[in-house]
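> Take a look and give me a structure for this.
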Amino acid sequence: MTFAYSSIQTREEAGVLSATLDAGPLNLLGVDLVRDLVSLVDALYTDPGDVRVVVIDSASPEFFSAHVDLTAIPQYTAEAAKAGGPGDASLGMFLYKLAQVPVITIAKVRGRARGGGNELALACDMIFAARENSVFGQFESGTGALPGAGGIQHLTRRLGRTRAIEVITGADDFDADLAERYGWINRALPDAELDGFVERLARRIAGFPPEGVKAAKRSINDLTLPHPSNVRSDSATFLSLVALPESRERLDYLANRGLQTPGDLERDLGKAVAEFPG
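As a prediction, this is how the structure comes out:
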């Protein structure tokens, strides 16, 4: 199987597929990147070849993925729908499908993973992050919305009720060390050690008999993944909230200050969402 995409660099070796997000400096989850992710996931279901483990990382040192492209919600939603059909036309249900691919998936995070970018990482089986510069966050409450692509479901299961409420309603940024202590990610590692650690783990898993690994993942997913109806509900609520006048006003305010462009606002978005005047 050949894995070739316009916004994802790929390299396959010894049963491990490296999938590097390369959709501009912010890696926004927009039309092109969602389209390519859908194609990648479809290939992992239908014809993975020798691939046993997928490692998702970023070509940008500052952004794993900033968030969804807030100017193209209908368009990227249409691309996400191709993963499951019109009845599941949402990024959340696409990421739910990603969580169940019959291979092991690892998010290797450097830089910021917020909003839909964090939800992409959460849909992977494991998350490892560089201690020095990784930042995680769900900023949607700061704009009047909520995480609509699985963030509520995954974070509540990983963090517990009280910490999930802190993370989601506080809409702030969390560094890798705190994310590790909360159970958000598997481990925070020194940047210089991150690549080697993930490569060793991925190759180790890829070298095991695949049917046992697949069976273990299926059993764990049965115990821990949310019901699809909960994911669909969150997606529908996100779409309704983000269309409200108050949400539009806050998003417009952030856009005028640099939202969705490289710069200080995107680097410190957790701080910026709390600075709305009025």
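
> Tell me where the model's unsure across the stretch 1-150 of the chain.
For the stretch 1-150 of the chain, the stretches with pLDDT under 70 are 1, 85-86.

> Going along the chain, name the helices of it.
In the stretch 1-150 of the chain, the helices defined using DSSP state H, counting those that start in this stretch lie at 31-46, 73-81, 91-98, 116-123.

> Need those helices in CSV (columns: distance to residue 2 and mean neighbour count).
Heads up, the C-betas are built off the backbone N, CA and C, glycines and all. Shown next, in CSV, are those (distance: least, CB to CB, whole Å; neighbours: other CB atoms under 10 Å):
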stretch, distance to residue 2, mean neighbour count
helix 31-46, 9, 20
helix 73-81, 21, 19
helix 91-98, 20, 26
helix 116-123, 23, 29
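
> what's the closest of those to residue 221?
helix 91-98 (10.2 Å; CB to CB).

> And the contacts of that closest one?
Contact partners of helix 91-98, identified using CB atoms under 8 Å, 6 or more residues apart in numbering, comprise 29, 34, 37-38, 41, 68, 76-77, 80-81, 83-84, 88, 105, 116, 119-120, 122-124, 148-150, 225-226, 228, 231-232, 234-235, 238.

> ok and that helix relative to helix 73-81, angle-wise?
Interaxial angle of helix 91-98 relative to helix 73-81 (axes from the mean of the first three to the mean of the last three CA atoms, to 10 degrees): 20 degrees.

> Show me how far helix 91-98 is from its chain's centre.
A distance of 10 Å separates the centroid of the chain from that of helix 91-98, by CA atoms, centre = their mean, to the nearest Å.

> and the angle from it to helix 31-46?
30 degrees.

> and helix 91-98 with helix 116-123, angle?
Orientation of helix 91-98 against helix 116-123 (the same axes, to 10 degrees) gives an angle of 30 degrees.

> With just CA atoms, put helix 91-98 into CSV.
C-alpha atoms of helix 91-98 as CSV (Å, rounded to 0.1, in the frame of the first residue of the first chain):
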residue,chain,number,x,y,z
LEU,A,91,-15.2,15.6,12.8
GLY,A,92,-16.1,13.9,16.1
MET,A,93,-17.4,10.7,14.4
PHE,A,94,-14.4,10.6,12.1
LEU,A,95,-12.0,10.8,15.1
TYR,A,96,-14.1,8.1,16.7
LYS,A,97,-13.4,5.9,13.7
LEU,A,98,-9.7,6.8,14.0
